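S.K.: need coordinates for the following:
(chains A and B)
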Amino acid sequence: MTEISASAPIDAASAPTSGQRVRTGTQIYMYVSLLLVAAIVVVPLLSTALGGFKTLGELRGNPFGLPSEWQWANYTDIILSKRYWLQMSNSLIIALLTVFLTLAFGAMAAFCFAHIRFFGSSYLLNYFLIGLMFPAATAILPLYIRIRDLGLIDTYWGVVLPQVAFGLGMSIMLFRNYFRNLPQELFDAAFVDGCGYMRFFWHITLPLSRPIIATVGIISFVSSWNNYIVPLIMLNSDSLYPWPLGIMIYRGEFSTEWQLVLAFITLTILPTIIAFFLAQKHIIAGLTAGAVKS
Amino acid sequence: MSEMLISTNVVTAGSALSVPRRRKRSLAHSKWPVLILFLPPALLLFTVLVILPMGEAGWYSFYNWNGYGSPTQWIGLRNYQLIFRNGAFTQALINNGLIVVVSVCVQIPLALWLASMVASRIKGALFFRLIFFLPYVLADVAAGMIWRFVYDGDFGLVAGISHFLGVEAPFWLADRDMAMYAILGVVVWKYFGFHMMLFIAGLQSIDKSVLEAADIDGATGFQKFRLVTLPLLGSTVRLSVFFGVVGSLQLFDMIMPLTGGGPSNSTQTMVTFLYNFGVTRMQIGFGSAVGVVLFVLCVTLAFSYKRVFMRHD
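M.R.: Presented below is the predicted three-dimensional model:
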């Protein structure tokens, strides 16, 4: 599992390559199928967003169409509420801390594995790669006990540190592979010029590593932003909840008012959708390449 | 070669002239400061929060313990006996298996079919790729919640379609015979785009001249696909299957908003079982034992995958 390598570099968002002409009949068949699948993807999302503009009564009779009267208040009430912004900022703080530590600790350790020979280095690397083999859920109860004993239950760190720890295997592996593929001559030349490991890391390796920093950063940001089980176990107070927990609580409170729940869902996934369309190329490449290489 | 280059240059640089045989490195050149500064943060965090908890899961699994004080009530393998005798756990195993089956028999053909269309030079290919990948980016919790609305028999889309057809709206998520199939639908909806991207990459890596050779030999489109493309996609298919299995073993976030494992445990997976029976009841020993079973499955899978399937790649 550690060394799965895709046969091709993934550049999934790039232009199509097959240069063959497609016949008109085949084309119609293709577009009909593609549009059908696209509809199955989009209709649930669109009707969720539109449902948020309806009254409960209209939702019952007309879950698909446009609202007869747009209930803007459903949305504005949530946007003007403190809880929405609190949950978004909790998610953001947790994700940024997770990304920063996953990048920093991962790159530092990977640098040692890529450039320094030391006793037991290959064993130590394999030790980290064990982390790729199982999800946090397997050890969630002992993890809870440990975080509790460390006094970190119900703090951001109680969520951030386990997320970082479970992301390190992926981070170290991706960084190490990248660092090793940087031209060795750079290292030799810098070394001759009296540049030590630290300066080499800071002034040469890191500036050359933007693509892999972006990949690891995107993977750890998305997985933290979407994480549910770790904050579910580690947090108790509403004021610290990230949005996936918040959505569940909201649904629990307003279980009889679907239109509000729909508006809430729409507003919570909106940042993801906007970010996806703005940075689609990087996000698709990051998420698929990262998964394949780990 | 590079080694030689370094030593000669160091000598001319003058800093190491006084050292007769071995190059003596300045502190900046020594590897120890780097190792001492760079390794411990990752090592410490990883050991304390990944390796130790997994080891402790093995230890706690032999106890009956509610998490307070220290574990004292040793019960040997009793937790494991209880797990394998538990009907909900058996159901969870079956459901995890079902997810793998659907991933192999439905998701992969679907992904391959779509990939073969959007990898060709047709207008809007990039747009379709983007749309198909979108559900994968959304959080599982959000996807589950959206589909809970879709499946709702009073207010949802399924209700709307039923009214339109003039039949009574079903409540699939409350029906123990239907709920798991409804969830499988959401799993495919959420993940087919990711698998499609894997196949697009696989298709792009195929040498075009092979397909042209097949063209010259008069192969039809389907023949080309079956005899040339598909065999060359072998490693991508294996990768896709692997992600299907891994994803199945982790499935939790999506189930919670949809059914929470119910009705009457018909939609439990390994992780929802761990949560519902270990975490919510604070049965640390029992939950840890479930974690150990899950761990063994994951590790066996990882190794057998590497040994058996990736042998040729």
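
S.K.: which helix of chain B spans the most residues?
M.R.: helix B:179-204 (DSSP state H).

S.K.: so where do the helices sit in the stretch 151-294 of chain A?
M.R.: Here the stretch 151-294 of chain A has its helices, by DSSP state H, counting those that start in this stretch, at A:156-181, A:184-192, A:197-200, A:206-208, A:210-226, A:229-234, A:243-253, A:258-278, A:280-293.

S.K.: among those helices, which is nearest residue A:25?
M.R.: helix A:280-293 (30.8 Å; CB to CB). In this view, the C-beta of every residue, glycine as well, is placed from N, C-alpha and C.

S.K.: point out where chain B drops to low pLDDT.
M.R.: Applying pLDDT under 70 to chain B flags the ranges B:1-29, B:309-313.

S.K.: check the gap between the residue of the stretch 151-294 of chain A found nearest chain B and residue B:252 for me.
M.R.: With CB to the nearest CB as the measure, residue A:196 is the residue of the stretch 151-294 of chain A nearest to chain B, at 2.7 Å. According to CB to CB, to the nearest Å, residue A:196 stands 46 Å off from residue B:252.

S.K.: of those two, which one has the most company?
M.R.: The neighbour comparison of residue A:196 against residue B:252 (other CB atoms under 10 Å in any protein chain shown) goes to residue B:252, with 23 against 18.

S.K.: and that one, that one's in a helix?
M.R.: No: judged by DSSP: H, G, I helix; E, B strand; the rest coil, residue B:252 forms no part of a helix; its state is coil.

S.K.: give me the angle between the longest helix of chain B and helix A:280-293.
M.R.: Orientation of helix B:179-204 against helix A:280-293 (axes from the mean of the first three to the mean of the last three CA atoms, to 10 degrees) gives an angle of 100 degrees.

S.K.: determine the set of other helices and strands touching the next helix or strand after helix B:179-204.
M.R.: Downstream of helix B:179-204, the next assigned helix or strand under DSSP states H and E is helix B:208-216. Judged by 3 or more CB pairs under 8 Å, 6 or more residues apart in numbering or on different chains; DSSP states H and E, helix B:208-216 is in contact with helix B:221-224.

S.K.: in the helix it packs on, what counts as buried?
M.R.: Within helix B:221-224, the residues scored as buried using 16 or more other CB atoms under 10 Å in any protein chain shown are residue B:224.

S.K.: now swap in stretch A:38-51 and tell me
M.R.: Neighbour-count burial for stretch A:38-51 flags A:38, A:41, A:44, A:45, A:47, A:48, A:49, A:50, A:51 (criterion: 16+ other CB under 10 Å).

S.K.: domain assignment for chain B?
M.R.: B:2-74, B:79-312 (automatic domain parsing).

S.K.: out of the ones you listed, which is the most enclosed?
M.R.: Between the domains of chain B, domain B:79-312 has the highest mean count of neighbours, a mean of 19, where neighbours are mean count of other CB atoms under 10 Å in any protein chain shown.

S.K.: does stretch A:67-80 reach chain B?
M.R.: No: judged by CB under 8 Å from any CB of the partner chain, stretch A:67-80 stays clear of chain B, getting no closer than 13.5 Å.

S.K.: so what's residue A:237 up against?
M.R.: Shown in contact with residue A:237 (CB atoms under 8 Å, 6 or more residues apart in numbering or on different chains): residue A:154.

S.K.: pLDDT averaged over the longest helix seen in chain A, what's the number?
M.R.: Longest helix in chain A, counting residues (DSSP H): helix A:82-115. For helix A:82-115, mean pLDDT is 95.

S.K.: buried ones in that helix?
M.R.: So, applying 16+ other CB under 10 Å, buried residues of helix A:82-115: A:83-84, A:86-88, A:90-92, A:94-95, A:97-99, A:101-103, A:105-115.

S.K.: give me the subset of these touching chain B.
M.R.: Checking the buried residues of helix A:82-115 against chain B (CB under 8 Å from any CB), the matches are A:105, A:106, A:108, A:109, A:111, A:112.

S.K.: didn't the third one look like it was pressed against residue B:41?
M.R.: Yes: judged on CB atoms under 8 Å, residue A:108 makes contact with residue B:41 at a distance of 6.7 Å.

S.K.: hmm, back to that, separation between the residue of the stretch 151-294 of chain A closest to chain B and residue A:179?
M.R.: 16 Å.

S.K.: what of residue A:143?
M.R.: Separation of residue A:143 from residue A:179 (CB to CB) stands at 30 Å.

S.K.: with residue B:191 instead?
M.R.: 31 Å.

S.K.: if we can go back for a sec, packing partners for the longest helix of chain A?
M.R.: Other elements packing on helix A:82-115 under the criterion 3+ CB pairs under 8 Å, 6+ apart are helix A:121-129, helix A:156-181, helix A:197-200, helix A:210-226, helix A:243-253, helix A:258-278, helix B:32-46.

S.K.: show me how far the longest one is from its chain's centre.
M.R.: Read that as helix A:156-181. Between the centre of helix A:156-181 and the centre of its chain there are 13 Å (CA atoms, centre = their mean, to the nearest Å).

S.K.: and if you look at the fifth one?
M.R.: Counting by CA atoms, centre = their mean, helix A:243-253 is centred 20 Å from the centre of its parent chain.

S.K.: buried set for that helix?
M.R.: Buried, per 16+ other CB under 10 Å, within helix A:243-253: A:243, A:244, A:245, A:246, A:247, A:248, A:250, A:251.

S.K.: and if you look at the second one?
M.R.: In terms of neighbour count (16+ other CB under 10 Å), helix A:156-181 has its buried residues at A:156, A:158-179.

S.K.: what about that helix and chain B, touching?
M.R.: Yes: applying CB under 8 Å from any CB, one finds that helix A:156-181 is in contact with chain B at A:161, A:162, A:164, A:165, A:166, A:168, A:169, A:172.

S.K.: could I get those as CSV with pLDDT?
M.R.: Compiled in CSV, these are given as follows (pLDDT from 0 to 100):
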residue, pLDDT
A:161, 97
A:162, 97
A:164, 97
A:165, 96
A:166, 95
A:168, 95
A:169, 93
A:172, 95
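
S.K.: and the contacts of stretch A:268-275?
M.R.: Contacts for stretch A:268-275 (CB under 8 Å, 6+ apart): A:84, A:87-88, A:225, A:243, A:246-247, A:283, B:134, B:137-139, B:142.

S.K.: show me chain A divided up by domain.
M.R.: A:24-74, A:78-293.

S.K.: can you say which of those is nearest to residue B:226?
M.R.: Here domain A:24-74 is closest among the domains of chain A (CB to CB), at 16.9 Å.

S.K.: any low-confidence regions in the stretch 151-294 of chain A?
M.R.: Checking the stretch 151-294 of chain A against pLDDT under 70 turns up A:290-291, A:293-294.
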